[in-house]
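J.: predicted model and sequence follow; I will ask about them next.
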Amino acid sequence: MKLITYSVRVLAAALAAGLSLIAPSFAQTYPSKPLHIVVPHPAGIGVDVEARLLASLMSIELGQPVLVENRPRLWHFARHGSCRQGGA
């Protein structure tokens, strides 16, 4: 039983190693569209500034545009629910 488990682990490791050699050829075409970072807070606060710094570094590294979208309503819905609770 231990021999079967060991051989399955060795086979899985060999498969993972083989796939890692193929992956760089696929990675060259990604991303083909601009990336979007969605910030669930208003523009101009600390989270937005950090997201914009991250986007500029990612854009340089990937060679693709990285856009920051501020959607403050997402934070509100995540915290309070999409509809009002209660009688009001």
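T.: Received it, and whenever you're ready, just let me know what you need.
J.: just checking, what packs against whichever strand or helix holds residue 69?
T.: Following DSSP states H and E, one finds residue 69 within strand 66-70. The contact analysis (3 or more CB pairs under 8 Å, 6 or more residues apart in numbering; DSSP states H and E) places strand 66-70 against strand 35-39, helix 46-62. Every residue, glycine included, has its C-beta placed from N, CA and C.
J.: which one of the ones you listed lies closest to residue 70?
T.: Of all the helices and strands packed on strand 66-70, strand 35-39 sits nearest to residue 70, with 5.1 Å by CB to CB.
J.: direction included, what does that closest one pair up with?
T.: strand 66-70 (parallel) (DSSP bridges).
J.: dump the partner strand to PDB, restricted to CA.
T.: The C-alpha coordinates for strand 66-70 follow below in PDB (Å, rounded to 0.1, in the frame of the first residue of the first chain):
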ATOM      1  CA  VAL A  66      -3.500  48.100 -15.300                       C
ATOM      2  CA  LEU A  67      -6.500  50.200 -14.500                       C
ATOM      3  CA  VAL A  68      -7.900  51.100 -11.000                       C
ATOM      4  CA  GLU A  69     -11.600  51.300 -10.700                       C
ATOM      5  CA  ASN A  70     -13.100  52.900  -7.600                       C
END
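J.: and the angle for that strand with helix 46-62?
T.: Angle, strand 66-70 to helix 46-62, by axes from the mean of the first three to the mean of the last three CA atoms, to 10 degrees: 160 degrees.
J.: now do stretch 56-70: distance from first to last residue.
T.: Terminal residues of stretch 56-70 are spaced 16 Å apart (CA to CA, to the nearest Å).
J.: got it, and stretch 37-55?
T.: 8 Å.
J.: so for that stretch, what gets flagged as buried?
T.: For stretch 37-55, the buried set under the neighbour-count rule, 16 or more other CB atoms under 10 Å, comprises 39, 40, 48, 51, 52, 55.
J.: the fifth one reaches residue 68, doesn't it?
T.: So that's residue 52. Yes - counting by CB atoms under 8 Å, residue 68 is a contact partner of residue 52 at 5.3 Å.
J.: good, wrapping up.
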